[in-house]
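In: My questions are about this predicted structure, shown below with the sequence.
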Amino acid sequence: MGLNLNDDPFIESLRLDDQSTGGTIDWDWWKHASFYHVYVKSFRDSNNDGIGDIRGVIEKIDHFPDSGIDAIFLSPIFQSPKIDQGYDVSDFMDVDPEFGTMDDLKELITQSHERNLKILLDFVPNHTSDQHQWFVDSVKGVDEYRDFYIWVDAKYDGSGNRQPPNNWLSVFHHSAWSWNETRQQYYLHQFHPTQPDLNFRNPKVVEAMNKVLLFWLDQGIDGFRVDAIPYIFESENLYDEPPSYWPGVPDYEFESLDHVHTKDQPETYELMHQWRQLLDSYSEKNRGHARILMSEAYTTIENTMRYFGTRDGTKLGAHFTFNFFLVGDATAGASAHDIVVSINKWLDNIPPIYTSSWVLSNHDNHRISTRCGPGNIDGFNMLKAILPGIDVTYYGEEIGQENGEILYEENQDLKVKNRGMFEKLCRDFERTPFQWDDSVNAGFNDGAKPWLPVSSKYLETNLKKQKGDGPSHYKVFRELTRIRSNVVLVRGSTVVKSVSEHTILVRRSHDGSSVVLVFNKGVSQVVLNVSEDVSKTNYVEIKSVQSPKEIGYAVDPHHLKMEPHEALIIFCSI
Ligand code: GLC
């Protein structure tokens with residue numbers, strides 16, 4: 001059918017320089033790219049100390065081009081006491097020895113670029129570690145750093161007891177204020193007490209963090225994930241937040257309040273715009289390609305969209321903001337309709353000038369294979385690969401890796417405060433080592449005890465096995481990255497609907513050709529009439545591992561029998 005239009009002039013233009021900017025900048029490389037999230041600590045441990053490291057990523061670097069990945073982003077590798085796994089940074093401009101050296105990182109950057117792979121870092125602007133020199137000096141009242149953080153005097157109740165300035169709560173539960181004896185003041189921490197919030201109303205903080213961005217850009221980094229962006233500003237009036245009235249939420253939990261003063265404040269979008277300008281002007285000066293910002297924001301659909309910039313594009317923010325809605329909505333109990341509603345909510349709200357992204361899991365959320373069943377991994381990987389825009393893969397998703405098995409006694413996540421919360425909140429489950437092969441510790445290292453246990457499922461689920469004979473999730477994944485450059489997927493219109501209680505249909509169409517996903521995520525066989533979206537002239541291009549269909553053969557659109565968990569990518573004219 002001639003659908004594989006790799007030499008289509010439009011696709012070419014995505015890769016070529018934008019002449020309108022005077023020559024040599026590829027502003028758009030990210031718009032249809034496949035991104036991969038490397039959780040460094042769990043990826044590959046090169047020195048066998050139990051902890052994944054930068055040299056481990058170098059050792060495995062060919063995995064990315066082999067898998068059709070265009071860009072990787074690394075979890076934080078900066079100096080840190082790692083109370084929150086590196087999201088508590090004590091020096092933004094140096095590499096933590098546990099992960100390697102600056103030279104290792106430089107080599108990783110060089111090796112990535114040699115493979116035409118972009119490499120991005122995690123930028124954690126909301127807070128530092130309490131061991132950062134800025135905080136140490138702020139506690140001491142050193143002039144330059146006195147107002148680097150948010151310090152407020154205590155209130156006293158009727159009996160003269162010291163109280164925090166208001167009722168604000170931390171994301172990790174209990175008061176967002178901690179008392180500091182030396183300063184005799186409270187400081188704000190929207191996360192853990194060891195993660196004091198920076199004061200972005202202080203221009204010196206803005207300048208210091210701009211320097212961090214420029215420092216890494218100068219090392220050759222292609223962009224940043226911007227961590228926890230909704231929390232950057234709080235309203236200055238320090239008013240109490242109103243209750244959320246969520247049923248059954250204890251009053252010390254973050255969700256018990258409606259965060260009208262501590263999240264998504266207007267100044268945040270302005271700051272994002274300034275960072276965008278900084279990156280754009282850097283890219284203009286240094287040519288080559290756009291350096292990009294990806295924002296991490298769990299918030300309402302309206303506020304999520306605001307991180308892109310204004311609806312008309314006169315003010316730009318992040319290049320893209322992660323679409324986390326499927327992370328929340330694709331649950332064990334979700335029907336096809338629930339998933340379709342989630343996808344269409346995004347598509348209906350994103351202004352046409354901006355680029356969508358699709359995320360199924362990450363280091364803060366249980367893995368998709370565990371949430372929706374390991375049998376559905378091909379269908380979900382197909383879903384995110386064929387929806388318009390950016391496809392984001394969390395390490396291990398390409399082989400259908402499930403959550404690991406962690407005992408309460410092994411918990412390393414500070415979010416977990418007690419046994420009752422463990423199963424739901426512990427993020428270690430989704431952070432266990434990558435399953436490379438069937439050797440000791442799944443090839444994560446040479447036998448030292450890994451920081452989190454390797455999943456017992458590694459003999460069954462590992463990359464080496466999936467590269468071997470026979471169909472596998474990894475082979476499906478590679479097929480998916482291959483077809484993503486198809487013009488229909490790059491430019492086509494999008495229809496998303498449910499065609500049975502558990503079957504999702506996505507049709508992308510362009511110029512008389514369509515690419516259609518039919519995905520039965522349920523446990524029963526269904527027989528469907530999909531003739532509205534699949535013409536008679538069709539063939540199966542990709543199928544889930546357990547599908548009995550034949551690649552290259554047509555299906556009967558009036559009578560399409562779909563087995564439990566079966567998913568098909570069908571090419572057709574329509
Ligand atoms: C982000 C990170 C999460 C971390 C939090 C606080 O949400 O993804 O892992 O705990 O920020 O830094």
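Out: In hand now; what should we look at? Predicted model only: the values in this text are computed from it and were never measured.
In: For the ligand, what's the nearest residue on the stretch 51-200 of the chain?
Out: Residue of the stretch 51-200 of the chain nearest the ligand, by CB to the nearest ligand atom: Y87 (3.2 Å). Backbone N, C-alpha and C define where each C-beta goes, glycine included.
In: show me what contacts that residue?
Out: P76, S80, D122, V124, F191, Q195, D227, A228 (CB atoms under 8 Å, 6 or more residues apart in numbering).
In: Spell out which parts of this structure neighbour the ligand.
Out: Within the chain, the positions lying close to the ligand (CB under 6 Å from any ligand atom) are D84, Y87, V124, F191, D227, A228, E296, H363, D364.
In: So which of those wins on neighbours?
Out: The member of those that has the most neighbours, counting by other CB atoms under 10 Å, is V124 with 27 neighbours.
In: Now for the nearest residue to D438 once chain neighbours are set aside, how many residues are close by?
Out: Spatial nearest neighbour of D438, chain neighbours left out: L459 (5.3 Å); criterion: CB to CB, 6 or more residues apart in numbering. Other residues within reach of L459, judged by other CB under 10 Å, total 12.
In: ditto for R44
Out: R44 is surrounded by 23 other residues when neighbours are defined as other CB under 10 Å.
In: Do I have it right that it meets D437?
Out: No. With contact taken as CB atoms under 8 Å, R44 and D437 are classed as non-touching, separated by 11.3 Å.
In: buried sites along whatever helix or strand H273 lives in?
Out: The secondary structure element spanning H273 is helix 266-286 (assigned by DSSP states H and E). Of the residues in helix 266-286, those with enough neighbours to count as buried (16 or more other CB atoms under 10 Å) are T268, Y269, L271, M272, H273, W275, R276, L278, L279, D280, S283.
In: Mind putting the residues you listed into CSV with pLDDT?
Out: Listed next are those as CSV, based on pLDDT from 0 to 100:
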residue, pLDDT
T268, 97
Y269, 97
L271, 98
M272, 98
H273, 98
W275, 98
R276, 98
L278, 98
L279, 98
D280, 97
S283, 97
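In: Mind picking the one among those residues that's closest to G389?
Out: Out of these, the one with the shortest distance to G389 is R276. That distance is 18.1 Å, counting by CB to CB.
In: Please look at the closest one and R291 and confirm they touch.
Out: No. The pair R276 and R291 fails to qualify as a contact (CB under 8 Å) at a distance of 10.1 Å.
In: Next up, the contacts around L463.
Out: With contacts defined as CB under 8 Å, 6+ apart, L463 is in contact with H63, E398, I399, F434, Q435, W436, D437, Y474.
In: meant to ask about V496, not that
Out: By CB under 8 Å, 6+ apart, the contact set of V496 is V340, I343, N344, L347, L387, I504, L505, V506.
In: Report the separation between the fifth one and the ligand.
Out: Yep, that's L387 we're talking about. With the distance defined as CB to the nearest ligand atom, to the nearest Å, L387 ends up 23 Å from the ligand.
In: and that residue, what pLDDT?
Out: According to the model's per-residue confidence, L387 sits at a pLDDT of 98.
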